[in-house]
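>>> what follows is a predicted protein model with its sequence.
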Amino acid sequence: MRVALGSDHAGYDLKAAIKEYLQGQGIAHQDFGTFSQEAVDYPDYALAVAQAVSGGSFDYGILVCGTGLGVCIAANKVAGVRAVCCHDTFSARSAREHNNANVLTLGQRVVGPGLALEVVKVFLDASFAGGRHARRVEKITAIEEKYRCGH
Ligand code: RB5
């Protein structure tokens, strides 16, 4: 499993905690920044992680901003990305099992690091259930294909 990590300044500390968790678990990962607390624009980091997942070099992406919302909206603009903002383990598990989500987003201003790491663990451990859910995810992809620009 390979995980692409990214955050803006408002998610910097939680990204660092997630990075430490992944290191401790021996999960391969790459940090796409930001690399300081200096204010930056979250779409830049969402795009970097989303492209890394969409391109197939990474299985999952994890993005952190203040709320988890801006990076989620931005990442979902990239074809092949199914980003979900989850601050509870039920949603995180369901997002993998039902929606085949491949990017998890979190808000450092919303959730503490303890719960956030639980959410990360559940998200990475869960698997897509397939079956009837596959048909529904295919319909999401069909919407993406229909509205894809420049292709
Ligand atoms: C930065 O202040 C904040 O707007 C950003 O981290 C994020 O919460 C946006 O959705």
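That came through, no problem.
>>> and the longest helix along the chain, average pLDDT?
Assignment by DSSP state H gives helix 132-147 as the longest helix of the chain. Helix 132-147 carries an average pLDDT of 97.
>>> list the buried ones in that helix?
137, 144 (16 or more other CB atoms under 10 Å). Just so you know, the C-beta spots here come from the backbone N, C-alpha and C atoms, and that holds for glycine as well.
>>> name the helices or strands packed onto that helix?
Helices and strands touching helix 132-147, as assessed by 3 or more CB pairs under 8 Å, 6 or more residues apart in numbering; DSSP states H and E, are absent.
>>> how distant is that helix from the center of its chain?
19 Å (CA atoms, centre = their mean, to the nearest Å).
>>> pull the residues that contact it.
With contact meaning CB atoms under 8 Å, 6 or more residues apart in numbering, helix 132-147 is reached by 79-80, 82, 97-100, 128.
>>> now the buried members of those.
Looks like the contacts of helix 132-147 have 82, 99-100, 128 buried, using 16+ other CB under 10 Å.
>>> what residues does this protein put near the ligand?
8, 10, 42, 65-67, 69-70 (CB under 6 Å from any ligand atom).
>>> who wins for most neighbours among the residues you listed?
Neighbour counts for the residues of the chain next to the ligand peak at residue 65, which has 30 neighbours (criterion: other CB atoms under 10 Å).
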